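# fold the following.
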Amino acid sequence: MLNISNNQVPAGPEMDQLNSYKRNIMPRWHFSFRRLLLLLLIVFVFFMLLPWTQNVRANGRVTTLRPEQRPQTIHATISGRIEHWYIMEGQAVKRGDTIVYLSEVKSDYFDPQLVQRMGQQVDAKQGSIESYGQKAEALADQVGAMRLELVSKTQQIRQKIEQAILKINSDSLKVIQANIDLQVAQRQLEGSKALYDKGLKSLTDLEEKRLKRQEAETKIVAAVNQINSSKNDLEIYRTELRLVQNETANKIAKSQSERFSTMSDQYDAQASVSKLQIERENYARRAAFYYILAPQDGYIVKAIAPGIGEIIKEGAPVVSIQPADYQLAVELYVKPLDFPLLSVDNKVRFIFDGWPAFFFSGWPGVSLGTFSGKVVAIDRNISGNGKFRVLVAPDAAEQPWPTALQPGGGANGIALLNNVPLWYELWRLINGFPPDLYNEFGDNQGEKNKTGKK
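Residues are numbered from 1 along each chain as shown. Down below sits the predicted model:
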């Protein structure tokens, strides 16, 4: 058999009777086992060459796409005591429906006619504003009348001044005339005296000429006194003009001061009116806050402050409401190691709690019971749980999400990345390498780079 010796052992029926020969005979199932191993090897190689979709797993919960569509808490704007409930938990409400009525608990707002009384105060202040305005107008008219009176008196005194100046001019002419008469009388007296000394004139004529000279001297003194009197009158008129101007200016200044003081009081009254109007509007708005209304259509989830007669503080939560109209989304919390692999528009497959699914992570196309989505937002800051939040919305091109799905439910997300052979994925997992980055435009960029180099 091994051809070690040239001696051949003849095969025959007697050989079949030997125990050693029986033990060395190869059984038939051995050939079938080798074929099975070969077949398994071929199948293993085939599976190793199959494409595998790399993915990143993350857990999350169902939420809404927009912030205003998420469950919210309605707070009390003012402090008060609960008097009456208009809803029940689980009840559907429309926007503007009354949820609860509060009564006042602060003594400053106990008066039921507080708004009306504040309106009366506003009306009274507005009346005082009108009175101040009329007084300011009257003072302005008074100032105008004083100025007209000043103009009239000034004109009169100026006319007197002009008359005094004319009179001074006239008196100065009289003084000149008197001087001329005195000179004439003096020459006549001297001539008469010379003739009298020669005996040609009588003593009577001489005395007559002396008398005329004295009369001329008297006229000069009278003319000088008259012109001095006229000058004194001129100074009196000028002083009177200054006095009238000063007195009228003082009266105008006093009236102006009173007018400005009245206007200041008017402005203070206007400020008081504005303040009272603000208070009246605040009181009216506060009365509207006694009724807590639904901010949007939705369902009452829970009454946080139940009971009648319970006092709640300002800003305290009263009820929680779930909006009726919302768009579903899922917020996933991804590990920092996997966060750089995700980007907007990445596709994600979901397994929702309560919906049975049969999922192959590497072959999403043959999975059953899963739903598709797209990444719409990625937080740029890490969350309190040490992971990054990723918001995923439904994919409009794929099967819609279940209509019975509610916000708050659990979701298991699988973000799909690159397609690689199965053997590469096993090799990556054994070596602990991260998944390959997904680049949708990688081929186009490569062609552009090659074109640019050419």
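# could you report the neighbour count for Gly96?
Gly96: 11 surrounding residues under other C-beta atoms under 10 Å. Glycine gets a C-beta too; all of them are placed from N, C-alpha and C.
# what's the closest non-adjacent residue to it?
In space, not counting the residues next to it along the chain, Gly96 is nearest to Leu293; the distance is 5.4 Å by C-beta to C-beta, 6 or more residues apart in numbering.
# tell me the secondary structure at Ala396.
coil (DSSP: H, G, I helix; E, B strand; the rest coil).
# which other helices and strands contact the lengthiest strand in the chain?
Among the segments of the chain that qualify as a strand by DSSP state E, the longest is strand 51-64. On a contact count with 3 or more C-beta pairs under 8 Å, 6 or more residues apart in numbering; DSSP states H and E, strand 51-64 meets strand 328-334, strand 388-394, strand 410-421, helix 422-431.
# could those go into TSV alongside mean pLDDT and mean neighbour count?
Formatted as TSV, these follow (pLDDT from 0 to 100; neighbours: other C-beta atoms under 10 Å):
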stretch	mean pLDDT	mean neighbour count
strand 328-334	91	23
strand 388-394	91	22
strand 410-421	76	19
helix 422-431	71	13
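# tell me where the stretch 1-150 of the chain has helices.
13-16, 19-24, 28-48, 114-197 (DSSP state H, counting those that start in this stretch).
# can you tell me which of those is nearest to Arg70?
Ranking those by proximity to Arg70 (C-beta to C-beta) places helix 114-197 first, at 36.8 Å.
# if you count contacts, what does that closest one end up packed against?
Judged by 3+ C-beta pairs under 8 Å, 6+ apart, helix 114-197 is in contact with helix 203-288.
# got the angle between the helix it packs on and helix 114-197?
Counting by axes from the mean of the first three to the mean of the last three C-alpha atoms, to 10 degrees, helix 203-288 lies at 170 degrees to helix 114-197.
# could you point out the helix or strand that follows helix 203-288?
Once the chain leaves helix 203-288, the next helix or strand it forms, by DSSP states H and E, is strand 291-293.
# returning to what we had before: need the helices and strands packed on strand 51-64 in CSV with distance to Arg158, can you?
CSV is the format used below for the helices and strands packed on strand 51-64 (distance: least, C-beta to C-beta, whole Å):
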stretch, distance to Arg158
strand 328-334, 93
strand 388-394, 92
strand 410-421, 102
helix 422-431, 114
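# the residue nearest to Gly96 touches Leu102, doesn't it?
No: using C-beta atoms under 8 Å as the test, Leu293 is too far from Leu102 to be in contact (11.8 Å).
# the more surrounded of these two?
Higher neighbour count among Leu293 and Leu102: Leu102, with 21 against 16, using other C-beta under 10 Å.
# quick one, what contacts that one?
Contact partners of Leu102, counting by C-beta atoms under 8 Å, 6 or more residues apart in numbering, are Ala76, Ile78, Gly80, Arg81, Ile82, Glu83, Phe289, Tyr290, Tyr291, Ile292, Ile312.
# quick one, grab the pLDDT at it.
pLDDT recorded at Leu102 is 92.
# below-threshold pLDDT in this protein: ranges please.
Scanning the chain for pLDDT under 70 picks out the ranges 1-31, 52-54, 357-369, 417-420, 425, 428-429, 431-454.
# okay, domains of it per the record?
Under the assignment automatic domain parsing, the domains of the chain span 50-68+326-441, 71-104+290-322, 114-288.
# possible to save those as JSON lines with distance to Phe33?
As requested, those are exported to JSON lines (distance: least, C-beta to C-beta, whole Å):
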{"stretch": "domain 50-68+326-441", "distance to Phe33": "26"}
{"stretch": "domain 71-104+290-322", "distance to Phe33": "63"}
{"stretch": "domain 114-288", "distance to Phe33": "89"}
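# ok so, going back, bridging residues for the residue nearest to Gly96?
Counting by DSSP bridges, Leu293 is bridged to Thr98.
# what sits against the nearest residue in space to Gln266 that is not next to it in sequence?
In this structure, Gln266 finds its nearest non-sequential neighbour in Tyr132, 3.6 Å apart by C-beta to C-beta, 6+ apart. Contacts for Tyr132 (C-beta under 8 Å, 6+ apart) come out as Thr262, Met263, Asp265, Gln266, Ala269.
# just these now: which is nearest Asn225?
Thr262 (54.8 Å).
# how much space is there between that closest one and Glu149?
According to C-beta to C-beta, to the nearest Å, Thr262 stands 22 Å off from Glu149.
# the more surrounded of those two?
For Thr262 versus Glu149, the count of surrounding residues by other C-beta under 10 Å is larger for Thr262: 20 against 13.
# now that the more buried one has come up, it's in contact with Glu137, right?
No: if you go by C-beta under 8 Å, Thr262 and Glu137 don't touch, sitting 9.4 Å apart.
# show me what the spatially closest residue to Tyr290 that is not a sequence neighbour bridges to in the sheet.
Once flanking residues are discounted, Tyr290 sits nearest to Leu102: 5.0 Å by C-beta to C-beta, 6+ apart. Assessed by DSSP bridges, Leu102 has beta-bridge partners Ile82.
# can you turn the buried part of the contacts of Tyr132 into a ChimeraX selection?
Selecting the buried subset of the contacts of Tyr132 in ChimeraX, with 16 or more other C-beta atoms under 10 Å as the burial test, is done by:
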select :262,263,265,266,269
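# quick check, nearest of the contacts of Tyr132 to Lys94?
Once C-beta to C-beta is applied, the member of the contacts of Tyr132 that ends up nearest Lys94 is Ala269, at 45.8 Å.
# quick one: contacts for the closest one?
With C-beta under 8 Å, 6+ apart, Ala269 has these contacts: Lys125, Ser128, Ile129, Tyr132.
# list the contacts for the nearest residue to it once chain neighbours are set aside?
Spatial nearest neighbour of Ala269, excluding adjacent residues (C-beta to C-beta, 6+ apart): Ile129 at 4.6 Å. With contact taken as C-beta under 8 Å, 6+ apart, Ile129 is in contact with Gln266, Ala269, Gln270, Val273.
# is it true that the first one touches Gly133?
Yes: contact between Gln266 and Gly133 holds when scored by C-beta under 8 Å: they sit 6.0 Å apart.
# SS state for Gly373?
Counting by three-state DSSP, the backbone at Gly373 sits in strand.
# so what sits opposite it in the bridge?
Val348, Pro394.
# need the contact list for it.
In this structure, Gly373 makes contact with Ala329, Val330, Lys347, Val348, Arg349, Phe350, Val392, Ala393, Pro394, Asp395, Gly413, judged by C-beta under 8 Å, 6+ apart.
# try it again with 10 Å
328-330, 332, 346-350, 391-395, 398, 401, 411, 413, 415 (C-beta atoms under 10 Å, 6 or more residues apart in numbering).
# what of Ile236?
Ile157, Lys160, Ile161, Ala164.
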